[in-house]
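Asker: Sequence unavailable; structure follows:
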Ligand SMILES: Cc1cc2nc3c(=O)[nH]c(=O)nc-3n(C[C@H](O)[C@H](O)[C@H](O)COP(=O)(O)OP(=O)(O)OC[C@H]3O[C@@H](n4cnc5c(N)ncnc54)[C@H](O)[C@@H]3O)c2cc1C
């Protein structure tokens, strides 16, 4: 395989893959008509070492977190864009049973060094070591970069029938589908919806302290400039949407009771996930060197994406050698 790698989709997955290829000196073209329906336009990009209702160490954290952060730092330096913010999360438990679970885990040292006795409060615990990537800024900067260098095609990729034939042009110009919820290409991926409330926070009570996420199942994240995002991604059926949105608003009212705030917009998106929450990344069956997929990044796309993109570079180098 020697030709240009075509990347369909320039959300988080396609952007990281394109950068990994650029950095490795491989030729690529990235296709995306725009990001209207992209999850990466509304995703919070939070990466926390301790997640979920069971307060578990995030799957993949030990193997992936340091490398992923270094990858984003490298993009910041190479592209001249600010993407990363270090965060502390003040997570409130919903009831006494959850509080007992957390205290027990801390007592056994299971959440150290991220949650320790020093971070315990009456109704909450502090999670240290979290960080965030500004996903909208990442995809906008990638778009601007590859528009300038001529590697961006501002259209959907629609291979014609001849390409789809075995032995067709895919062999010289493989396609990696990074198309999120729009086109999944593999069985076993299902959509989970999420909404982000864009908030203006401030007034006499002052801004939210920077670098601190408030979390009670819904996260409230200061994004600077008197703004905050609040959200969660757990809509499985369209019919749940309005009820979930009201639950989001109720949580914001509770968590921002000490602030003046107002809602500016509701942003929505669908992220693809798999039953075991492990993303799908590899050549399609019987299509090695021709067609592959990077999808199903789920709620941990920011943590998993860089390693998976680097894995694609190795896969392509192996084929070329
Ligand atoms: C509300 C919400 C909150 C979230 N919070 C977090 C979080 O805190 N932390 C975290 O890690 N993750 C979070 N996520 C998940 C994260 O946003 C996703 O895992 C990630 O953005 C998925 O990226 P993607 O590139 O796979 O898909 P997308 O971002 O959806 O990108 C797919 C792209 O493909 C393009 N496309 C489709 N078809 C074609 C075609 N034929 N040709 C060319 N282009 C095409 C689309 O235009 C789109 O831009 C959240 C998601 C939501 C919805």
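Answerer: It's in. Being a predicted model, the structure only gives us computed values, none of them experimental.
Asker: For the rest of this, base every contact and every neighbour count on C-alpha atoms.
Answerer: Fine.
Asker: Give me the neighbour count for residue 108.
Answerer: For residue 108, the neighbour count with other Cα atoms under 10 Å is 11.
Asker: measure it to residue 152 for me?
Answerer: Applying Cα to Cα, to the nearest Å, the value for residue 108 to residue 152 is 51 Å.
Asker: and what of residue 261?
Answerer: Applying Cα to Cα, the value for residue 261 to residue 152 is 39 Å.
Asker: Spell out which residues of the stretch 201-321 of the chain are next to the ligand.
Answerer: Proximity of the stretch 201-321 of the chain to the ligand, by Cα under 6 Å from any ligand atom, involves residues 231-233, 269-271, 295, 297-303.
Asker: Could you work out the most separated pair of the residues you listed?
Answerer: Greatest spatial distance among those (Cα to Cα): 231 and 295, at 21.9 Å.
Asker: Which one's more surrounded, the two?
Answerer: Summary of the neighbour comparison: residue 231 and residue 295, criterion other Cα under 10 Å, with residue 295 having more neighbours (32 against 27).
Asker: Let me know the pLDDT of the more buried one.
Answerer: On the pLDDT scale, residue 295 is placed at 96.
Asker: Quick check: chain neighbours aside, which residue is closest to it?
Answerer: residue 280 (5.4 Å; Cα to Cα, 6 or more residues apart in numbering).
Asker: likewise residue 279?
Answerer: Distance criterion Cα to Cα, 6+ apart; nearest residue to residue 279, sequence neighbours excluded, is residue 296 at 4.5 Å.
Asker: returning to what we had before: from the residues of the stretch 201-321 of the chain next to the ligand, pick the one nearest residue 34.
Answerer: Using Cα to Cα, those come closest to residue 34 at residue 269, 14.2 Å.
Asker: moving C-terminal of the helix or strand of the chain with the lowest mean pLDDT, what's the next helix or strand?
Answerer: In the chain, the helix or strand scored least confidently by mean pLDDT, DSSP states H and E is helix 161-164, which has a mean of 61. Using DSSP states H and E, the helix or strand that follows helix 161-164 in sequence is strand 175-177.
Asker: Pairing partners for that next one, with directions?
Answerer: Sheet pairing for strand 175-177, assigned by DSSP bridges, gives strand 5-8 (parallel), strand 291-295 (parallel).
Asker: Including distance to residue 123, could these go into a markdown table?
Answerer: Formatted as a markdown table, these follow (distance: least, Cα to Cα, whole Å):
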| stretch | distance to residue 123 |
| --- | --- |
| strand 5-8 | 46 |
| strand 291-295 | 37 |
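Asker: Out of those, the one nearest residue 146 is which?
Answerer: strand 5-8 (12.3 Å).
Asker: buried sites along that closest one?
Answerer: 5, 6, 7, 8 (16 or more other Cα atoms under 10 Å).
Asker: So residue 40 lies in a helix, does it not?
Answerer: Yes: when classified by DSSP: H, G, I helix; E, B strand; the rest coil, residue 40 is found to be part of a helix.
Asker: ok, now how distant is it from residue 263?
Answerer: Taking Cα to Cα, one finds residue 40 at 21 Å from residue 263.
Asker: Which parts of this protein are helices?
Answerer: Assigned by DSSP state H, the helices in the chain fall at 12-23, 61-79, 96-107, 135-149, 161-164, 241-255, 301-320.
Asker: List the residues that contact residue 202.
Answerer: Applying Cα atoms under 8 Å, 6 or more residues apart in numbering to residue 202 gives the contacts 208, 226, 259, 260, 261.
Asker: Next, count neighbours for residue 30.
Answerer: The tally of other residues near residue 30 (other Cα under 10 Å) stands at 29.
Asker: Then the one 4 residues further on?
Answerer: Here the count is done by other Cα under 10 Å, and residue 34 has 15 residues near it.
Asker: ok, it touching residue 153?
Answerer: No: counting by Cα atoms under 8 Å, residue 153 is not a contact partner of residue 34; they are 10.0 Å apart.
Asker: which residues touch the nearest residue to residue 91 once chain neighbours are set aside?
Answerer: Sequence neighbours aside, residue 215 is the residue nearest to residue 91 in space, at 4.6 Å (criterion: Cα to Cα, 6+ apart). Counting by Cα under 8 Å, 6+ apart, residue 215 touches 89, 90, 91, 92, 255.
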